[in-house]
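Chemist: here is a sequence together with a model predicted from it:
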Amino acid sequence: GDSVTQMEGPVTLSEEAFLTINCTYTATGYPSLFWYVQYPGEGLQLLLKATKADDKGSNKGFEATYRKETTSFHLEKGSVQVSDSAVYFCARSEGDKLIFGTGTRLQVFP
Amino acid sequence: DTEVTQTPKHLVMGMTNKKSLKCEQHMGHRAMYWYKQKAKKPPELMFVYSYEKLSINESVPSRFSPECPNSSLLNLHLHALQPEDSALYLCASSQGWDRVSNEKLFFGSGTQLSVL
């Protein structure tokens, strides 16, 4: 089965709304967890990461907390902007590789 | 310079053509990667080069042939592709090929390939 599962999109929000994009994972051991963002016409960029349980990654107003008990790494932002419109990929490490989820498209309207 | 540059941005080729995708970085990174991304799917790892040597080949068909001429350049040679090979091909780099370094990948913007 899938080792990184994300909520299906698109997620459509008005500017300044609260954002949550869910991500859960399955893994043996304790992987590192990541969120990458892909803006239109561009490659992926690392948004934030967490390397152990209860770590919180944060960047550009986005946050995600590594929850071992629920095997989750949900992405949140308190107030989204139109410029946040992109595809967001959750990922986990597997040995020396990264395993990506299927991506969630976020559309923010003024 | 924190960019990974890929050329061309778009490529249309027939099934009998031979073409090459190019990738370049000048960050001193010693690991470089090719990923394939189909529409609305996550990137899938194809190849990893570490210190200019092929470290990972994820069972990719031989019609895809990677080459790493030096530490800054990575090519992907294409021959006799199929329509199902149409996808976005992403190049990435990282400082090294190890658990810590490859946790921060720098991606190029990709080559959108269409095979007719």
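Modeler: Looks like it arrived, so ask away.

Chemist: if we ignore the residues flanking it in sequence, what's nearest the closest residue to chain A within chain B?
Modeler: Per Cβ to the nearest Cβ, residue B:107 is where chain B lies closest to chain A, at 3.1 Å. For the C-beta atoms, the positions are set from N, CA and C on the backbone; glycine is no exception. In space, residue B:107 comes closest to residue A:43 once its chain neighbours are excluded; the distance is 3.1 Å by Cβ to Cβ, 6 or more residues apart in numbering or on different chains.

Chemist: what confidence value was assigned to the one you found?
Modeler: On the pLDDT scale, residue A:43 is placed at 83.

Chemist: quick one, grab the pLDDT at the residue of chain B closest to chain A.
Modeler: So residue B:107 comes in at 91 (pLDDT).

Chemist: got the contact list for it?
Modeler: Contacts for residue B:107 (Cβ atoms under 8 Å, 6 or more residues apart in numbering or on different chains) come out as A:43-45, B:4, B:35, B:90-92.

Chemist: can I get these in a markdown table with neighbour count and secondary structure?
Modeler: Shown next, in a markdown table, are the contacts of residue B:107 (neighbours: other Cβ atoms under 10 Å in any protein chain shown; DSSP: H, G, I helix; E, B strand; the rest coil):
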| residue | neighbour count | secondary structure |
| --- | --- | --- |
| A:43 | 23 | coil |
| A:44 | 30 | strand |
| A:45 | 15 | strand |
| B:4 | 25 | strand |
| B:35 | 26 | strand |
| B:90 | 26 | strand |
| B:91 | 26 | strand |
| B:92 | 27 | strand |
